[in-house]
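> this one's structure only:
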């Protein structure tokens, strides 16, 4: 089933993101995460791309296979292209098909200054277009409510997202944001631009202050006063910050659902406790 098909008869869709174990970590540790998340019964789980694009690393594919076959949940595999050739991508797509993984989140990926990028793919829309030639995959793509950090304006970024949709992306997952007004503005501009695929709102609950600051520095998300006050107030109380962060995420999600969001994509950071607390609070709204 293509991920986009989920939105035909259900709204909002509720999905989760997890990541593979760190380098040299055992893939068996992912069972602890999945065992903690399975009762949420998400509509799908996305798995981030491991090892910076190392072709020899199959952890993303292996975890997607575990999600599908052991937990009966639809998986979607992240796939980045900045460090890959077309031949590399073809090899990965073949592996995905062999494992019965039909859905891909097509991404450019972050540029590592220590690894010269390959020349076959410069942008995610080029990866989307190439995947379309390689089989009947369901293709999703990323979007950025505040604009990609490398885009000059939000309008420019919306037009770049449109290129992904025109290339074959059927569903969009947003980068994290902490102020819903940015998501609503992006959604309105996307509609004006003719983007008519489902757009899921990406929500990251606070786990610790340093982690959020690191993520924000990478993606450029704005920190509204309400959020910064919360972080400052509970900076030295990890448990209180966690609980306040859960409440903040729940508040965001309730507002998004009230405003007819297509779906909620929760960045779990492999923390089942946080994900389950949020799910319990919004379960009746699903």
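Nice, thanks for sending it over. Note that this is a predicted model, so its numbers are computed, not measured.
> The closest residue to residue 208 other than its chain neighbours: how many residues sit nearby?
Leaving aside its sequence neighbours, residue 208 sits nearest to residue 238 (CB to CB, 6 or more residues apart in numbering; 6.2 Å). C-beta here means a position set from N, CA and C on the backbone, and glycine is covered the same way. By other CB atoms under 10 Å, 12 other residues sit near residue 238.
> Then residue 247?
So residue 247, with other CB under 10 Å, has 16 neighbours.
> That one: which element?
helix 238-258 (DSSP states H and E).
> residues touching the closest residue to residue 226 other than its chain neighbours, list them.
Distance criterion CB to CB, 6+ apart; nearest residue to residue 226, sequence neighbours excluded, is residue 248 at 7.7 Å. By CB atoms under 8 Å, 6 or more residues apart in numbering, the contact list for residue 248 reads 178, 205, 206, 226, 227, 230.
> Just give me the closest of the residues you listed to residue 39.
Within the contacts of residue 248, the smallest distance to residue 39 is 17.6 Å, found for residue 205 (CB to CB).
> Pick out the lowest-pLDDT one from the contacts of residue 248.
In terms of pLDDT, the lowest of these is residue 206, showing 86.
> For the nearest residue to that one once chain neighbours are set aside, list the residues it contacts.
Counting by CB to CB, 6+ apart, residue 245 is the residue found nearest to residue 206 once chain neighbours are left out, at 2.5 Å. Going by CB under 8 Å, 6+ apart, residue 245 touches 205, 206, 207, 230, 274.
> cool, residue 168 as well?
Neighbours of residue 168 in contact, by CB under 8 Å, 6+ apart: 128, 129, 131, 132, 139.
> Check whether the last one really touches residue 133, as I assumed.
No. With the criterion set as CB atoms under 8 Å, residue 139 and residue 133 do not qualify as a contacting pair; they are 11.5 Å apart.
> Between these two, which has more neighbouring residues?
Neighbours per residue, other CB under 10 Å: of residue 139 and residue 133, the larger number sits with residue 139, 25 against 10.
> Whichever strand or helix holds the more buried one packs against which elements?
If you go by DSSP H and E, residue 139 is part of strand 138-143. On a contact count with 3 or more CB pairs under 8 Å, 6 or more residues apart in numbering; DSSP states H and E, strand 138-143 meets strand 103-107, helix 124-132, helix 154-167, strand 171-176.
> Rebuild the ones you listed as JSON lines, extending it with mean pLDDT, mean neighbour count and distance to residue 5.
Listed next are those as JSON lines, based on pLDDT from 0 to 100; neighbours: other CB atoms under 10 Å; distance: least, CB to CB, whole Å:
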{"stretch": "strand 103-107", "mean pLDDT": "97", "mean neighbour count": "24", "distance to residue 5": "10"}
{"stretch": "helix 124-132", "mean pLDDT": "97", "mean neighbour count": "22", "distance to residue 5": "17"}
{"stretch": "helix 154-167", "mean pLDDT": "96", "mean neighbour count": "18", "distance to residue 5": "16"}
{"stretch": "strand 171-176", "mean pLDDT": "96", "mean neighbour count": "24", "distance to residue 5": "9"}
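> Distance to residue 261 added to those, as TSV?
As requested, the helices and strands packed on strand 138-143 are arranged in TSV below (distance: least, CB to CB, whole Å):
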stretch	distance to residue 261
strand 103-107	18
helix 124-132	23
helix 154-167	17
strand 171-176	10
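> Of these, give the one that comes closest to residue 46.
Closest to residue 46 of these is strand 103-107 (CB to CB; 5.7 Å).
> Helices of this structure, residue ranges please.
6-9, 30-37, 59-71, 86-98, 124-132, 154-167, 180-192, 209-219, 225-233, 238-258, 272-282 (DSSP state H).
> Those into a markdown table, with extra columns for distance to residue 19?
Below are these laid out as a markdown table (distance: least, CB to CB, whole Å):
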| stretch | distance to residue 19 |
| --- | --- |
| helix 6-9 | 22 |
| helix 30-37 | 9 |
| helix 59-71 | 9 |
| helix 86-98 | 17 |
| helix 124-132 | 19 |
| helix 154-167 | 22 |
| helix 180-192 | 23 |
| helix 209-219 | 13 |
| helix 225-233 | 23 |
| helix 238-258 | 18 |
| helix 272-282 | 13 |
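> mean pLDDT for those: which is lowest?
Mean pLDDT is lowest for helix 209-219 out of these, coming in at a mean of 73.
> What are the contacting residues of that one?
Residues outside helix 209-219 that contact it (CB under 8 Å, 6+ apart): 110, 144, 149, 175-176, 204, 206, 221, 223, 231, 235, 241, 269.
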